[in-house]
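# Fold the following for me, if possible:
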Amino acid sequence: MHLTAPATTRPGSATRDADGMAVASFILGLLGLLVLNLFLGPIAIVLALVSLWRGTSRKGRAYLGLALGVADLAVLAITMEISNTVSWSL
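Numbering: from 1, shown residues only. Next up, the predicted model:
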């Protein structure tokens, strides 16, 4: 007795998943510049790298997500250094 449907893979579903991860990486990296950059920055970096590894057709968005994730962490480090605190606020 199976309680779940059998796993089937459709052609093109891996590329579509990778495209979704590239877009999610871009959005989370952009959002991370404003809030929760300690959490959203690394998530954006990981999603971008996984989507590039899986062969996304949206390479530009994946690279932007990667750059924005790194920028999130850089903004956090700079503002922590300037304000001499563990976090930052506007």
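# separation between K59 and T79?
30 Å (CB to CB, to the nearest Å). (C-beta placed from N, C-alpha, C; glycine too.)
# In the chain, mark out all the helices, start to finish.
Here the chain has its helices, by DSSP state H, at 13-32, 37-53, 59-83.
# ok, of these, where does mean pLDDT dip lowest?
Within the helices of the chain, confidence is poorest for helix 13-32, with a mean of 85 (mean pLDDT).
# chain center to it, what's the gap?
Distance of helix 13-32 from the chain centroid (CA atoms, centre = their mean, to the nearest Å) equals 6 Å.
# Likewise for stretch 33-49?
Centroid separation for stretch 33-49 versus its chain: 5 Å, with CA atoms, centre = their mean.
# ditto for stretch 41-57
Centroid separation for stretch 41-57 versus its chain: 6 Å, with CA atoms, centre = their mean.
# tell me which residues of it are tucked away?
Of the residues in stretch 41-57, 41-52, 56 count as buried by neighbour count, 16 or more other CB atoms under 10 Å.
# Using CSV, write out the CA atom coordinates for that stretch.
The C-alpha coordinates for stretch 41-57 follow below in CSV (Å, rounded to 0.1, in the frame of the first residue of the first chain):
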residue,chain,number,x,y,z
GLY,A,41,22.3,36.6,1.9
PRO,A,42,23.6,33.1,2.4
ILE,A,43,20.3,31.6,1.1
ALA,A,44,20.5,33.7,-2.1
ILE,A,45,24.1,32.5,-2.6
VAL,A,46,23.2,28.8,-2.2
LEU,A,47,20.2,29.1,-4.4
ALA,A,48,22.2,30.8,-7.1
LEU,A,49,25.0,28.2,-7.0
VAL,A,50,22.6,25.3,-7.1
SER,A,51,20.7,26.8,-10.0
LEU,A,52,23.9,27.3,-12.0
TRP,A,53,25.1,23.8,-11.1
ARG,A,54,21.7,22.4,-12.4
GLY,A,55,22.0,24.3,-15.7
THR,A,56,19.5,27.1,-15.5
SER,A,57,18.6,29.0,-18.6
